[in-house]
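Enquirer: Here is the input, now give the coordinates:
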Amino acid sequence: MKKAVSIVLTVLFFLVFFAGMGVLLHVSKLERHGISCKELEVSVPGPHQFLSEDQIRASIDNFYGIYVGQRLEDVNIGSIEKMLEKKPEVKNAEVWITDDGVLHALVQQRDPVMRFDHKGNGYYTDRDGNIFPLSGDYVAEVPVISCDPKLGFDQEWLSQAIALVRKISGSNVWSGRISGYAVETNGDFVLLGDGLKIIYGDFKESARKFAAMEKYFSLIAPMHSEDPYHLVNVKYKGQIICRKDL
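Expert: The predicted model follows:
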């Protein structure tokens, strides 16, 4: 009998609890129904400055039109998020609105790992190979590859180039020897050092090519320090071709 009474009381408790919650939610919804959007707050965190808060604000204004004065439930935050995430510099965007009538936009920018440059024009790429444009006065401090953008690079090429550049940049030894990169019109990848141009070729046989470059730096270059080579080609198997003229 006591067990049955306990069960009944427990059931009644939860019924009252959920009924109360329903009333609170209903009241909250009614209160929210009367609140209008009054302002926009934009946040663009991170170390990079491809997009400013003012640019994001202008994009939302141009895309959405008038949101100030709209009831909170009428503001289409989903469409604003989709618009922002279509921007090539944007990795992720979150848009929400709070009960105080503030529309919030949090924008996360892409993190570049390389910059392609051709006479001041070019673009960035992130670790996943996503391409996005250069930005006004802001220049990210990342390795630069000089090349004609008309060459065109597919996803596989970008992934291999990123892997090679990260390998060199992540090594104290090789980052001290290599300071830049380029792509020849025939597609050869080139490593640039202090007065030195190394023709790396394609991205195959990486271990062999690094062994050849190590042989050049440790054995060949010291023997010609007074009259150094300026061009080294390691693209061919079994050969290290050195020239003093470019």
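
Enquirer: Got the phi and psi for E39?
Expert: phi -160, psi 170 (degrees, to the nearest 10).

Enquirer: what number of residues lie near the residue lying closest to it once chain neighbours are set aside?
Expert: Spatial nearest neighbour of E39, excluding adjacent residues (Cβ to Cβ, 6 or more residues apart in numbering): V102 at 5.7 Å. (Each C-beta comes from the backbone N, C-alpha and C, glycine too.) Neighbour count for V102, taken as other Cβ atoms under 10 Å: 14.

Enquirer: what's the spacing between V102 and E41?
Expert: Counting by Cβ to Cβ, to the nearest Å, the separation of V102 from E41 is 6 Å.

Enquirer: Next: S225.
Expert: As judged by Cβ to Cβ, S225 and E41 stand 60 Å apart.

Enquirer: Over to D128?
Expert: Taken as Cβ to Cβ, the span from D128 to E41 is 29 Å.

Enquirer: And D54, by the same measure?
Expert: 13 Å.

Enquirer: just E85 next, same as before
Expert: E85 is 18 Å from E41, by Cβ to Cβ.

Enquirer: Does A93 fall in a helix, a strand, or a coil region?
Expert: Of the three states, A93 takes strand under DSSP: H, G, I helix; E, B strand; the rest coil.

Enquirer: What lies in contact with stretch 89-97?
Expert: 37, 50-51, 72, 75, 77-78, 80-81, 84-85, 103-111, 126, 132-133, 135 (Cβ atoms under 8 Å, 6 or more residues apart in numbering).

Enquirer: For ChimeraX, write the select line for the buried members of those residues.
Expert: Buried residues within the contacts of stretch 89-97, by 16 or more other Cβ atoms under 10 Å, are selected in ChimeraX with:
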select :37,50,51,72,75,77,80,81,84,103,105,106,107,108,109,110,111,126,132,135
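
Enquirer: Show me the chain divided up by domain.
Expert: Split into domains by automatic domain parsing, the chain comes to 39-109, 112-243.

Enquirer: could those domains be laid out in JSON lines, adding mean pLDDT?
Expert: Rendered in JSON lines, the data for the domains of the chain read as follows (pLDDT from 0 to 100):
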{"stretch": "domain 39-109", "mean pLDDT": "94"}
{"stretch": "domain 112-243", "mean pLDDT": "92"}
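
Enquirer: thinking again about what came up before, quick check: the residue nearest to E39 touching V42?
Expert: No - contact criterion Cβ atoms under 8 Å: V102 and V42 do not qualify, at 10.9 Å.

Enquirer: All set now, cheers.
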